[in-house]
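Chemist: Predicted model, plus sequence, below.
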Amino acid sequence: MRRWLAPAVCVLVVLVALLAPWVAPYDPDALDPLNAYAPVTARHPLGTDDLGRDLLSRLIHGARTSLAGPLIVVLAAGAVGATVAISAAWFGGWFDALVSRALDVLFAFPGLVLAITVAALFGSGFVTPVVALSCAFVPVIARVMRAAALRERNLPYIEALRVQGFSAWHICLRHLVPNLAPLLMVQAAIGFGYAMIDLASISFLGLGLQPPAADWGLMIANGQPSILAGFPQQSIAAAVAVVITVVAFTAVAERLATRFSGDVR
Amino acid sequence: MTLLEFENLRVSLGDRPILRNVTLSVAAGEAVGLVGESGSGKSMTVRSVVRLLPEGAAVTGAVRFEGADIASLGAAGLRRMRSRDVAMVFQDPRAVVNPVRTVGDFLTEVLRDQGVNRADALRKAAGSLSEVGVDDASRRLAQRPYELSGGLLQRVVIAAALLTEPKLILADEPTTALDVTTQEEVVAILDEQRRRRSVALMFITHDLELAAAVCDRIAVMYAGEIVEILPADRLHTEARHPYTRALLGSRPGTVPPGQRLRTVPGVPQSALTAPPGCVFADRCPHAEDRCRDTRPAFRGSAACHLLEEVR
Amino acid sequence: MLEVRDLRKEFKGVVAVDGVSFRVAAGGSLAVVGESGSGKTTCARIVTGLTKATSGTVVLNGSVQMVFQDPYQSLDRRQTVRGCLAEVLAHHRKDRSRIGELLDLVGLDRALGEALPRHLSGGQRQRVAIARALAAEPRLLVLDEAVAALDVSIQAQILNLLVDARAATGVAYLFITHDLSVVRHVCEDVVVMSRGRVVEAGPVERVLHRPDHEYTRRLVASVPRPGWVPSRAVSRG
């Protein structure tokens, strides 16, 4: 049971996001001012917000952007990071030194601060913070991948392929990348949790998606005035959704990591 | 006088056997070589002396040191035995010596723990270093492990092992990571010091000739069992167990160059994978049905059903 | 067939190989022996093109392949035996049907074709590595401590295999090793290296039985053998 909990939660969250229009009981943007701050009832399982919108439906629709953001971040950062890392490890020498120093410099910037600054400068929305955060995640992933690629590249089987006369391209694509893929997947899964928290924070600060979008970070922020009014459901529900999702994804990542670490030989 | 005695020692992890049956005694001041291939259980045998076994290992049979069963030792008794009576030397000296502390710190640690004052401990350490052939002891004491070669560091480890004046040294492939010329030197020192101090030695190696050169007796292990025990100087003339003979015969140099080496088919088995009867039955060229079914008892020097038939 | 002349290699100012020359005749078998730091492995890597020499020439008629020491890491862990050999055969434009022949040549059961490296023992992996190297039908095979990591009984199997494979294919060996008994068994000529230099070279029979150089004598004397008594005086210096 415990073994399946985290993966099950991940699958559930993803399914809910994909099927949002069908599983959500209401239109997430349908206003019903007469029903504002409705308590938890059978009709509104999580109640309604200050404009009478059904909170469960907003949470379900919010899963879409809340998951898509971090997914794009880890896919982009993973692709770029792995490419940079493998080419640095493969070519070595001054190229590797240059890449490593550049990664160190980028690494010194806190990703969240970078993303916030970029969003503040270039405008809020979905795209800008995601792009900025992707850039910030590249060095995180690339540093780990470079170390692994360097180890892998020096293994005798890679040298045997070189002696066989295979091209660098062939060796990297057919041997190096597939053997590094499990680690990359683990890195992406771990990064997913962090990216989710970072994007929620950006939304919370008002630099991400704008109202009336249903986004978990934004919902936490928009629920703030209601807390004072004695209706904390919105902020709490969205925050719990973020926490559960992050914990589930990170737990799965940890599991993958231990599994693949035994797969090295 | 018997110093160390293994009696029907069996070690298993869950339902996986690691040692199937080890019976062996080591007299005070005697050197016994444990020879075998990977998975034969030679490391596990010496580790059982100081109870350095994997978590959850189940032990039956007995290991007795000076007549006392090691299993009955309390924490204090075990600690005392490990720090005073028994010393260990491993394959990789760099894994044993704390890399950030000086050679002097490493050598005096146990003495200081036993209440010897710093100046005396350092003096004893310097003396011990020069006995194992390390020149310029005072300079070496101030150096750190990375400044020393592997051979030199292994001599430091041997010096440390001798410092507490143990009754038994357990050496687990102490020269496998060293070059042959360095190996000769380290082995010569170990041999010389052992004889001078009449310390008993259990010497683990995969090299029969090396074991024969530094030991009084040789125990050949295979798949968690000792299959033959014989005096080192009669290794070539009196080895009777088919496995011992296979090992002797498979070294290049036993046949003229270009001729085929006599090989044993298959791969070395472990205690888990070996057949229920004689452990060597599935690779033995002479094996009969009874070899596969019944475990042979020790007769004379070897555990084999076919000692008379195979000559 | 292989001629190495006046090879020199520096790593960041440290000379690893200094003025090394040797040659291997077609179908011949040359051992390069020495202890750690002697530069023997660097020579092997220069011959196979894995490392660039600082100066000197390597003339090679025909192709070269290499077998490495560590059987556990010289195969791609994701590739089956068959996949590994098929990839190499395709690369060298050889027929896939030779996989079976290659497995027979190195004494591997054909049923092991679908096995992954982790299902194989050290000796079996080394057989696969040898099959992979021979797939390209090289004229020269560089064996870098190729039997050093194996158990004694497995070592004997692989040495027999190497002797057989040379007889069957006519491939020449450049055998990098520290083990003199292996040299005696599979090689005709030997080059003894110490600290980057060749100290002695010649036929195995002569060099190992009547060594001229002090270092060779020490090396030969330090090999455990029947009646051997280790001495710390001999190896001093």
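Modeler: In hand now; what should we look at? Numbering: from 1, shown residues only, chains lettered A, B, ... in the order given.
Chemist: Just name the shakiest helix or strand of chain B by mean pLDDT.
Modeler: When each helix and strand of chain B is scored by mean pLDDT, DSSP states H and E, strand B:298-299 comes last, with a mean of 85.
Chemist: got a list of contacts for whichever helix or strand comes after it?
Modeler: The first helix or strand that comes after strand B:298-299 along the chain, using DSSP states H and E, is strand B:302-303. For strand B:302-303, the external contacting residues (CB atoms under 8 Å, 6 or more residues apart in numbering or on different chains) are B:225-230, B:240-241, B:244, B:278, B:295-297. From N, CA and C alone the C-beta is placed, and that goes for glycine too.
Chemist: Now tabulate the residues you listed in TSV and tack on neighbour count, pLDDT and secondary structure.
Modeler: Shown next, in TSV, are the contacts of strand B:302-303 (neighbours: other CB atoms under 10 Å in any protein chain shown; pLDDT from 0 to 100; DSSP: H, G, I helix; E, B strand; the rest coil):
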residue	neighbour count	pLDDT	secondary structure
B:Glu225	25	92	strand
B:Ile226	27	94	strand
B:Val227	25	94	strand
B:Glu228	26	94	strand
B:Ile229	20	95	strand
B:Leu230	21	93	strand
B:Arg240	19	90	coil
B:His241	26	92	coil
B:Thr244	25	92	helix
B:Cys278	29	91	coil
B:Arg295	16	88	coil
B:Pro296	21	90	coil
B:Ala297	9	87	coil
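Chemist: Spell out the residue ranges of the helices in chain C.
Modeler: C:40-47, C:81-91, C:98-105, C:122-135, C:152-169, C:180-186, C:204-209, C:214-221 (DSSP state H).
Chemist: what would the ones you listed look like in CSV with mean pLDDT?
Modeler: Converted to CSV, the helices of chain C look like this (pLDDT from 0 to 100):
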stretch, mean pLDDT
helix C:40-47, 94
helix C:81-91, 94
helix C:98-105, 91
helix C:122-135, 93
helix C:152-169, 89
helix C:180-186, 89
helix C:204-209, 92
helix C:214-221, 92
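Chemist: Select, out of those, the one closest to chain A.
Modeler: helix C:81-91 (5.7 Å; CB to the nearest CB).
Chemist: Listing partners with orientation, what would you give for the least confident helix or strand of chain B?
Modeler: Using DSSP bridges, the strands paired with strand B:298-299 are strand B:302-303 (antiparallel).
Chemist: Mean confidence (pLDDT) on the strand it pairs with, please.
Modeler: Averaged across strand B:302-303, the pLDDT comes to 88.
Chemist: which parts of chain C sit against chain A?
Modeler: Within chain C, the residues that sit near chain A (CB under 8 Å from any CB of the partner chain) are C:48-50, C:64-66, C:68-70, C:72-78, C:87-88, C:91-92, C:117-118, C:129, C:132-133, C:136.
Chemist: repeat that with 10 Å
Modeler: C:45, C:47-50, C:63-79, C:84, C:87-88, C:91-92, C:117-118, C:129, C:132-133, C:135-136, C:138, C:142, C:144 (CB under 10 Å from any CB of the partner chain).
Chemist: Return the subset of those lying in strands.
Modeler: C:64-67, C:142, C:144 (DSSP state E).
Chemist: From those, keep the buried residues only.
Modeler: C:64-67, C:142, C:144 (16 or more other CB atoms under 10 Å in any protein chain shown).
Chemist: tell me which strands and helices the helix or strand hosting B:Val59 is in contact with?
Modeler: B:Val59 is located in strand B:57-65, with elements delineated by DSSP H and E. Applying 3 or more CB pairs under 10 Å, 6 or more residues apart in numbering or on different chains; DSSP states H and E, one finds that strand B:57-65 contacts strand B:2-13, strand B:16-27, helix B:42-49, strand B:68-69.
Chemist: please redo it, this time with the cut-off set to 7 Å
Modeler: strand B:2-13, helix B:42-49 (3 or more CB pairs under 7 Å, 6 or more residues apart in numbering or on different chains; DSSP states H and E).
Chemist: domain assignment for chain C?
Modeler: C:1-63+C:140-237, C:75-137 (automatic domain parsing).
Chemist: Quick check: which of these is nearest to B:Arg80?
Modeler: domain C:1-63+C:140-237 (32.7 Å; CB to CB).
Chemist: wait, does that closest one make contact with chain B?
Modeler: Yes: applying CB under 7 Å from any CB of the partner chain, one finds domain C:1-63+C:140-237 touching chain B at C:35-36, C:151-154, C:156-157, C:159-160, C:163, C:178, C:181-182, C:184-185, C:218-219, C:222-226, C:228-232, C:235.
Chemist: which residues touch stretch C:22-32?
Modeler: Residues outside stretch C:22-32 that contact it (CB atoms under 7 Å, 6 or more residues apart in numbering or on different chains): C:1-4, C:40, C:43, C:139-140, C:166, C:170, C:172-177, C:183, C:186-191, C:193, C:201, C:204.
Chemist: Quick one, which of the residues you listed are buried?
Modeler: C:1-2, C:4, C:40, C:43, C:139-140, C:166, C:172-177, C:183, C:186-191, C:193, C:201, C:204.
Chemist: So which of those residues belong to strands?
Modeler: Filtering the buried ones among the contacts of stretch C:22-32 for strands - DSSP E - leaves C:2, C:4, C:140, C:172-177, C:189-191, C:193, C:201.
Chemist: Which two of the contacts of strand B:302-303 have the greatest separation?
Modeler: The span of these, defined through CB to CB, is set by B:Leu230 and B:Arg295 at 20.0 Å.
Chemist: Contacts for stretch C:36-56 next, please.
Modeler: A:159, A:162-163, B:179, C:2, C:4-10, C:16-17, C:20, C:32, C:34, C:58, C:64, C:66, C:142, C:144, C:174, C:176, C:193-196.
Chemist: Now stretch C:96-114 - C-alpha only, PDB.
Modeler: What follows is stretch C:96-114, C-alpha atoms only, in PDB (Å, rounded to 0.1, in the frame of the first residue of the first chain):
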ATOM      1  CA  ARG C  96      25.600 -10.400 -38.900                       C
ATOM      2  CA  SER C  97      25.600 -14.100 -39.300                       C
ATOM      3  CA  ARG C  98      29.100 -14.100 -38.000                       C
ATOM      4  CA  ILE C  99      27.800 -13.600 -34.500                       C
ATOM      5  CA  GLY C 100      27.500 -17.400 -34.000                       C
ATOM      6  CA  GLU C 101      31.000 -18.000 -35.300                       C
ATOM      7  CA  LEU C 102      32.400 -15.400 -33.000                       C
ATOM      8  CA  LEU C 103      30.700 -16.800 -30.000                       C
ATOM      9  CA  ASP C 104      32.100 -20.300 -30.900                       C
ATOM     10  CA  LEU C 105      35.500 -18.800 -31.400                       C
ATOM     11  CA  VAL C 106      35.600 -17.400 -27.900                       C
ATOM     12  CA  GLY C 107      33.900 -20.400 -26.400                       C
ATOM     13  CA  LEU C 108      30.600 -18.800 -25.400                       C
ATOM     14  CA  ASP C 109      27.400 -20.800 -25.500                       C
ATOM     15  CA  ARG C 110      25.300 -19.300 -28.300                       C
ATOM     16  CA  ALA C 111      22.300 -19.400 -25.900                       C
ATOM     17  CA  LEU C 112      24.100 -16.500 -24.000                       C
ATOM     18  CA  GLY C 113      23.500 -14.200 -27.000                       C
ATOM     19  CA  GLU C 114      20.500 -12.600 -25.400                       C
END
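Chemist: Sounds good, over and out.
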